[in-house]
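[1] sequence first, predicted model second:
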Amino acid sequence: MKIVLASGSPRRLELLRMIGLSDFEVIPDMTEEVLCEGIKPEQTVCKTALAKAKNVSRACDSGCLIIAADTEVYLDGEPFGKPKDAGGASVMLRRLSGKRHTVYTGIAIIYGDDIITASEATEVYFREISESEIKAYVETGEPMDKAGAYGAQGRGAVFIERLEGDFFNVMGLPVCRVSIMLRNLGVDI
């Protein structure tokens with residue numbers, strides 16, 4: 001079986017390798033995140049992940065197993081996607097400072113006629129962040145390709161007091177949930 005990761009995220013690639021999947025192809029899908037009004041965050045991320053999986057599946061043989069994901073940060077019901085620029089990253093970090101927010105990841109897997117989706121939510125608690133810390137962090141460039149403008153697996157980790165839920169979800173792929181989904185499709189990892 002050929003496995004395809006429908007993502008260009010180096011973190012998702014690393015996490016799949018971590019759980020024992022080493023023989024897979026990466027075909028990034030550039031589908032824009034669709035932040036839908038009136039539907040729950042977990043539905044939004046699943047919808048975007050499924051769109052990515054379907055787009056990539058069109059370029060693959062029918063026997064391929066496609067894994068796609070979408071991660072978004074929500075603060076008080078408001079989505080925080082990836083910042084457009086350094087100013088946007090600074091604004092996001094100021095708003096997250098000292099607060100609890102939720103990271104949602106939607107996963108979609110297509111294998112033949114089987115299409116399954118699931119979502120995971122993790123509560124993240126930030127400590128208060130000073131202006132100088134925000135400025136220094138944004139200058140590293142790390143926030144620019146990450147939902148919510150921070151990377152829990154990088155320098156952004158120093159802002160996290162604690163979290164409730166799957167840490168790997170905050171990195172962009174809840175590996176426990178993905179492994180269960182794969183097992184349910186007959187894929188041993």
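    Ah, there it is.
[2] how about stretch 13-20: buried residues?
    Buried residues in stretch 13-20, counting neighbours by 16 or more other CB atoms under 10 Å, are found at 13, 15-16. C-betas here are computed from N, CA, C, even on glycine.
[3] quick check: mean pLDDT across it?
    Across stretch 13-20, the average pLDDT comes to 92.
[4] surely V73 and L93 touch.
    No. Here V73 does not reach L93: they are 11.0 Å apart, not a contact under CB atoms under 8 Å.
[5] low-confidence regions, the protein specifically.
    Scanning the chain with the threshold set as pLDDT under 70 gives 31-37.
[6] can you pull out the strands in it?
    Under the criterion DSSP state E, the chain carries strands at the ranges 3-5, 24-26, 65-75, 78-80, 100-111, 114-126, 160-164.
[7] turn those into JSON lines, columns for mean neighbour count.
    Listed next are the strands of the chain as JSON lines, based on neighbours: other CB atoms under 10 Å:
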{"stretch": "strand 3-5", "mean neighbour count": "21"}
{"stretch": "strand 24-26", "mean neighbour count": "15"}
{"stretch": "strand 65-75", "mean neighbour count": "25"}
{"stretch": "strand 78-80", "mean neighbour count": "17"}
{"stretch": "strand 100-111", "mean neighbour count": "23"}
{"stretch": "strand 114-126", "mean neighbour count": "18"}
{"stretch": "strand 160-164", "mean neighbour count": "13"}
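[8] now these as CSV including distance to N184?
    Output for the strands of the chain, formatted as CSV (distance: least, CB to CB, whole Å):
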stretch, distance to N184
strand 3-5, 15
strand 24-26, 18
strand 65-75, 12
strand 78-80, 29
strand 100-111, 9
strand 114-126, 7
strand 160-164, 25
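[9] so which of those is nearest G186?
    Among those, strand 100-111 comes nearest to G186, with 8.5 Å by CB to CB.
[10] who are the packing partners of that closest one?
    Using 3 or more CB pairs under 8 Å, 6 or more residues apart in numbering; DSSP states H and E as the contact test, the elements touching strand 100-111 are helix 41-57, strand 65-75, strand 114-126, helix 167-171, helix 175-184.
[11] possible to save those as a markdown table with distance to M144?
    Compiled in a markdown table, the helices and strands packed on strand 100-111 are given as follows (distance: least, CB to CB, whole Å):
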| stretch | distance to M144 |
| --- | --- |
| helix 41-57 | 19 |
| strand 65-75 | 14 |
| strand 114-126 | 18 |
| helix 167-171 | 16 |
| helix 175-184 | 24 |
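[12] distance of the residue of the chain most remote from its centre from A89?
    Most distant from the centre of the chain: S132, at 27.4 Å, with distances by CA atoms, centre = their mean. Noted for S132: a distance of 15 Å to A89, by CB to CB, to the nearest Å.
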